[in-house]
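Trainee: sequence and predicted model, in that order:
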Amino acid sequence: MKLLDGRVVLVSGGTQGIGAGVSRTAAREGAAVVLTGRRPAPGEALAAQLLELFDAHVAVNLRGPFFLMQAVVADMVGRGAPGSIVNVISSSELGGQRYLAPYVAAKAGLAGLTRNAAHAHRFDRIRINGLDIGWTDTEGEELVQRTFHGAGDDWREQAGRSLPMGRLGRVDEIAEFVVFLLSDRSGVVTGSVLDWDQNVLGGLG
């Protein structure tokens, strides 16, 4: 029996990167997958002014998930159907890079929203968890490295040399973990925002 037999999984941002990996893995585990996504043209964020960039990050990383989750929860409650939601957040929500303030603010908001919604709907038997994802090898990261950091073809190898495990995280690894949290195998866990990273929060030296 597969982990998600008979389930319907909605993947926001499911056309590339982590979302695409979750879509593929959920389908492999028996789910009917509904996905949404968009592919912004390279450089749009760079061209935007700071207020527009802030609004864009909030719209994509907080406002969108808020209203999507609201609709999904309302449907589950209306049907009396328990379910599970997993928000892919970012380890940047814990402080982040100094040049990513709008992104950090939006992701921190999503982490708080995840906990709040889990608390509000625990007696509806709707489990809501999140993952704080660290540095991962995705199409988006490839674009960022080449567009904003002048990275060459060996940027992954160079990045790996600076990381404890010698490599970036992989989409398939995250997808497996998301599907685990969506499945009954993760038990009663709700309201958790888990660090999916090879760096340890608070570790020094």
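Mentor: Done, it's in.
Trainee: regarding the chain, what is its longest strand?
Mentor: Longest among the strand segments of the chain by residue count, using DSSP state E, is strand 126-133.
Trainee: quick one: average confidence on that one?
Mentor: Per-residue pLDDT over strand 126-133 has a mean of 98.
Trainee: what packs against the following helix or strand past that strand?
Mentor: Along the chain past strand 126-133, the next helix or strand (assigned with DSSP states H and E) turns out to be strand 136-137. Applying 3 or more Cβ pairs under 8 Å, 6 or more residues apart in numbering; DSSP states H and E, we find strand 136-137 packed against strand 169-170, helix 171-182. Placement of C-beta: from N, CA and C, glycine included.
Trainee: quick one, which of those is nearest to Ala81?
Mentor: Closest to Ala81 of the helices and strands packed on strand 136-137, according to Cβ to Cβ: helix 171-182, at 14.0 Å.
Trainee: on that earlier part again, out of the helices and strands packed on strand 136-137, which one sits most buried?
Mentor: The highest mean neighbour count among these, using mean count of other Cβ atoms under 10 Å, belongs to helix 171-182: a mean of 20.
Trainee: tell me the mean pLDDT for it?
Mentor: 97.
Trainee: tell me what angle that helix forms with strand 126-133.
Mentor: 160 degrees (axes from the mean of the first three to the mean of the last three Cα atoms, to 10 degrees).
Trainee: for the following helix or strand past helix 171-182, buried residues please.
Mentor: Helices and strands here follow DSSP H and E; after helix 171-182, the next one along the chain is strand 193-196. For strand 193-196, burial by neighbour count (16 or more other Cβ atoms under 10 Å) applies to 193, 196.
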